[in-house]
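In: Structure for the following, please:
(one chain, ligands or ions: 2)
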Amino acid sequence: MGAQALHFETYALAKRLMARTSPVFVCSECSGETLKWQGQCPHCSAWNSLEQRAQTRPAGKGTRAAAPRSLQHEITAGAETRLGSGAAELDRVLGGGIVPGSVTLLGGDPGIGKSTLLLQVAAHVAASQPVLYASGEESVAQVSARARRLNVASVKLDLVTENDLDAILQVATERKAALVVVDSIQTVQLGSISASAGAVTQLRECTAALVRFAKETGTAVMLIGHVTKEGAIAGPRVLEHLVDTVLYFESEASSRFRIVRATKNRFGAVNELAFFAMTEGGLREIRNPSAIFLARAPEPAPGSVVTVTREGGRPLLIELQALVDRMRFGAPRRIAQGLDSNRVAMLLAVLNRHGGVSLQEHDVFVNAVGGIQISETAWDLPVVLALASSLKDRALDQGIVAFGEIGLTGEVRPVAYGEERIREAQKQGFRVALVPRENAPRKPVEGLRVLAVSRVDEALKAVFAADVERGA
Ligand code: TYD
Ligand code: MG
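Out: Ligands and ions are numbered 1, 2, ... in the order given. Coordinates of the predicted model:
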């Protein structure tokens with residue numbers, strides 16, 4: 001803490017030293033900088049996009065490299081200094097908590113719960129260290145109303161309603177905040193830049209200033225940005241390379257479940273997922289997300305098969321559903337939700353040639369329950385089983401789980417993390433696992449019968465054989 005106080009002082013001093021100004025030209029399209037005016041931006045080739053701006057730079061003689069620090073010291077000051085976010089799931093996605101001096105961007109649609117989540121995190125950290133929550137979106141009354149609703153209150157949590165970034169950083173410096181939350185990056189601005197808040201130039205310069213502040217003072221900074229993952233708008237996406245960590249909030253419309261995914265992380269693995277439910281009292285983490293994706297009918301239903309994916313760095317049980325219906329007219333339809341429809345088309349061809357199941361005159365619908373996007377190939381085998389089950393109008397036993405990739409010659413191929421998937425199925429109480437032969441565990445698994453197959457036709461025979469259906 002003493003070292004951090006010193007960093008704050010150095011930062012304040014450096015701000016005062018930044019005296020000399022030199023004009024630069026900044027592109028309003030890509031924010032690229034040039035020293036002289038040109039008709040075309042040398043970075044992005046846009047025309048007439050350069051605008052003059054007085055840029056503050058430290059005076060020539062005062063320009064010095066940052067004081068070197070011992071790498072040994074930096075390494076040993078590693079994991080134990082991370083701040084807990086209050087949600088174990090979120091800590092895992094962050095790679096083990098919030099890293100002091102790091103900048104995290106949390107993106108997502110308006111209304112998905114970004115302010116709620118970061119207010120909860122801010123309150124948790126504020127239990128032990130000073131935290132500043134700067135909102136340019138809502139009034140102090142609105143934020144504190146939310147805090148009451150979330151039942152969080154802490155003397156060390158300061159709220160400011162402010163759009164001026166310099167003012168926010170000044171308060172953060174005075175309070176020696178360990179964490180600063182900026183809600184949102186689209187509402188803050190630097191007075192030295194003429195563009196309005198939310199413009200690409202402001203977004204970039206504000207983020208760059210926050211990154212500088214974070215690195216120099218050791219303060220963790222979390223930014224909220226309104227953006228969707230697909231969002232083509234030149235919003236916070238242009239900030240992704242400036243920050244250390246990028247998290248996205250995902251959700252199915254009208255669902256109360258929320259998924260936070262790390263799409264970039266300098267301090268941990270990417271594509272880790274954290275699951276939350278939006279409740280009356282804020283976001284509650286879900287430790288056992290398999291339960292969400294297994295919203296299963298009490299009776300076995302034709303076309304439903306459970307698989308174990310490994311989306312988001314851990315095994316997850318998901319129900320896949322298929323419906324095949326005799327085509328009435330025109331070309332057959334192939335519609336896939338949460339899965340790649342080209343891959344479904346390929347599986348239909350394999351099923352026809354190697355499984356003796358023809359769906360050429362049927363409309364085909366496939367759906368991953370719960371609104372999750374599955375990108376791995378381990379669902380090939382369960383999709384094929386679900387299609388056959390729907391066509392035959394025969395339900396699989398509810399105790400069966402299946403995974404495996406399928407090749408063009410009808411072979412069932414092994415997938416990564418086979419043992420881990422099998423263990424998860426066993427943990428969730430499944431009794432039969434249909435798996436690629438190479439994924440079969442060497443030792444028997446208690447309470448779980450493993451059916452190892454190497455071909456599609458073999459798999460179909462195995463699950464639709466009478467004894468399996470009776471749940472032996
Ligand atoms: P919010 O965090 O304001 O979203 P964002 O900052 O991403 O725009 O959350 C908005 C929604 O969450 C709003 O529709 C109300 C709901 N909500 C709850 O259901 N429970 C709660 O405890 C809180 C604080 C919000
Ligand atoms: Mg908000």
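
In: Could you report the pLDDT at Ala368?
Out: You'll see Ala368 listed with a pLDDT of 89.

In: nope, Ala220 is what I meant
Out: Reported pLDDT for Ala220: 97.

In: Test of understanding: give the bridge partners of it.
Out: Counting by DSSP bridges, Ala220 is bridged to Leu179.

In: Next, count neighbours for the closest residue to Ser290 other than its chain neighbours.
Out: Spatially, and ignoring its direct neighbours in sequence, Ser290 is nearest to Leu317 (4.0 Å; Cβ to Cβ, 6 or more residues apart in numbering). C-beta here means a position set from N, CA and C on the backbone, and glycine is covered the same way. For Leu317, the neighbour count with other Cβ atoms under 10 Å is 22.

In: Direction included, what does the helix or strand containing Leu317 pair against?
Out: Using DSSP states H and E, Leu317 maps to strand 316-326. Partners of strand 316-326 in the sheet, by DSSP bridges, are strand 304-309 (antiparallel), strand 362-368 (antiparallel).

In: closest one to ligand 1 among these?
Out: Of all these, strand 362-368 sits nearest to ligand 1, with 24.6 Å by Cβ to the nearest ligand atom.

In: how close does Val121 sit to Val227?
Out: Taking Cβ to Cβ, to the nearest Å as the measure, Val121 falls 19 Å from Val227.

In: quick one: low-confidence parts of the stretch 201-350 of the chain?
Out: Filtered on pLDDT under 70, the stretch 201-350 of the chain yields the residue ranges 228-237, 252-253, 295-298.

In: What's the local residue count around the closest residue to ligand 1 within the stretch 251-400 of the chain?
Out: Ligand 1 sits closest to Gly282 of the stretch 251-400 of the chain, with a gap of 4.0 Å, by Cβ to the nearest ligand atom. Counted with other Cβ under 10 Å, the neighbours of Gly282 add up to 20.

In: Quick check: nearest residue in space to Met245, chain neighbours excluded?
Out: Just so we're on the same page, residue 245 is Thr rather than Met. Thr104 is the one closest to Thr245 (Cβ to Cβ, 6+ apart), at 4.3 Å.

In: burial of the one you found, as a residue count?
Out: Neighbour tally, Thr104, other Cβ under 10 Å: 27.

In: Now do the host helix or strand of it: distance to the chain's middle.
Out: Following DSSP H and E, one finds Thr104 within strand 103-108. Distance, stretch centre to chain centre, for strand 103-108: 10 Å (Cα atoms, centre = their mean, to the nearest Å).

In: same check, this time on stretch 380-393
Out: 31 Å.

In: Tell me how far Ala5 lies from Thr217.
Out: 9 Å.

In: ok, the two, which is more surrounded?
Out: Legend: neighbour count by other Cβ under 10 Å for Ala5 and Thr217, higher for Thr217 (27 against 11).

In: State the distance from Ala440 to Asp397.
Out: 19 Å.

In: hmm, back to that, can you put the strands paired with strand 316-326 in a markdown table and add distance to ligand 1 and mean neighbour count?
Out: Output for those, formatted as a markdown table (distance: least, Cβ to the nearest ligand atom, whole Å; neighbours: other Cβ atoms under 10 Å):
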| stretch | distance to ligand 1 | mean neighbour count |
| --- | --- | --- |
| strand 304-309 | 27 | 26 |
| strand 362-368 | 25 | 21 |
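
In: The closest residue to Pro414 other than its chain neighbours - how many residues pack around it?
Out: Distance criterion Cβ to Cβ, 6+ apart; nearest residue to Pro414, sequence neighbours excluded, is Glu438 at 3.7 Å. Using other Cβ under 10 Å, Glu438 has 13 neighbouring residues.

In: what residues does this structure put near ligand 1?
Out: 108, 110-116, 146, 149-150, 278, 280-282 (Cβ under 6 Å from any ligand atom).

In: And the residues you listed, which of them are buried?
Out: By neighbour count, with 16 or more other Cβ atoms under 10 Å, those hold Gly108, Ile112, Gly113, Lys114, Ser115, Thr116, Arg146, Leu150, Met278, Gly282 as buried.

In: And the helices in the protein?
Out: Taking DSSP state H to define them, one finds helices in the chain at 2-17, 71-76, 88-94, 114-125, 140-149, 165-175, 200-217, 341-355, 380-392, 418-427, 456-464, 466-469.

In: closest one to Arg333 among those?
Out: helix 341-355 (10.1 Å; Cβ to Cβ).

In: any idea of the angle that closest one forms with strand 316-326?
Out: 70 degrees (axes from the mean of the first three to the mean of the last three Cα atoms, to 10 degrees).

In: Which other helices and strands does helix 341-355 contact?
Out: Contacts defined by 3 or more Cβ pairs under 8 Å, 6 or more residues apart in numbering; DSSP states H and E place helix 341-355 against strand 334-337, strand 362-368, helix 380-392, helix 456-464.

In: What would the second one look like as PDB? C-alpha coordinates only.
Out: So the one you mean is strand 362-368. Taking C-alpha atoms only, strand 362-368 is exported to PDB below (Å, rounded to 0.1, in the frame of the first residue of the first chain):
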ATOM      1  CA  HIS A 362     -37.500 -33.700 -44.500                       C
ATOM      2  CA  ASP A 363     -37.200 -30.200 -43.000                       C
ATOM      3  CA  VAL A 364     -34.600 -30.300 -40.200                       C
ATOM      4  CA  PHE A 365     -34.400 -28.100 -37.100                       C
ATOM      5  CA  VAL A 366     -31.600 -28.400 -34.600                       C
ATOM      6  CA  ASN A 367     -31.300 -26.300 -31.400                       C
ATOM      7  CA  ALA A 368     -28.800 -26.000 -28.500                       C
END
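
In: Quick check: bridge partners of Ser304?
Out: With DSSP bridges as the rule, Ser304 is bridged to Gln321.

In: And it, how close does it get to Val401?
Out: 12 Å.

In: Same question for Arg455.
Out: 19 Å.

In: Pull the contacting residues for the closest residue to Thr263 other than its chain neighbours.
Out: In space, and not counting its chain neighbours, Thr263 is closest to Val246: 4.9 Å by Cβ to Cβ, 6+ apart. Val246 makes contact with Thr104, Leu105, Gly107, Glu240, Ala262, Thr263, Lys264, Asn265, according to Cβ atoms under 8 Å, 6 or more residues apart in numbering.

In: try Val243
Out: Applying Cβ under 8 Å, 6+ apart, the residues near Val243 are Val103, Thr104, Leu105, Thr207, Val211, Leu223, Lys264.

In: Nearest to ligand 1 among these?
Out: Leu223 (12.3 Å).

In: list the contacts for Ser184?
Out: With Cβ under 8 Å, 6+ apart, Ser184 has these contacts: Lys114, Gly136, Glu137, Leu223, Ile224, Gly225, His226.
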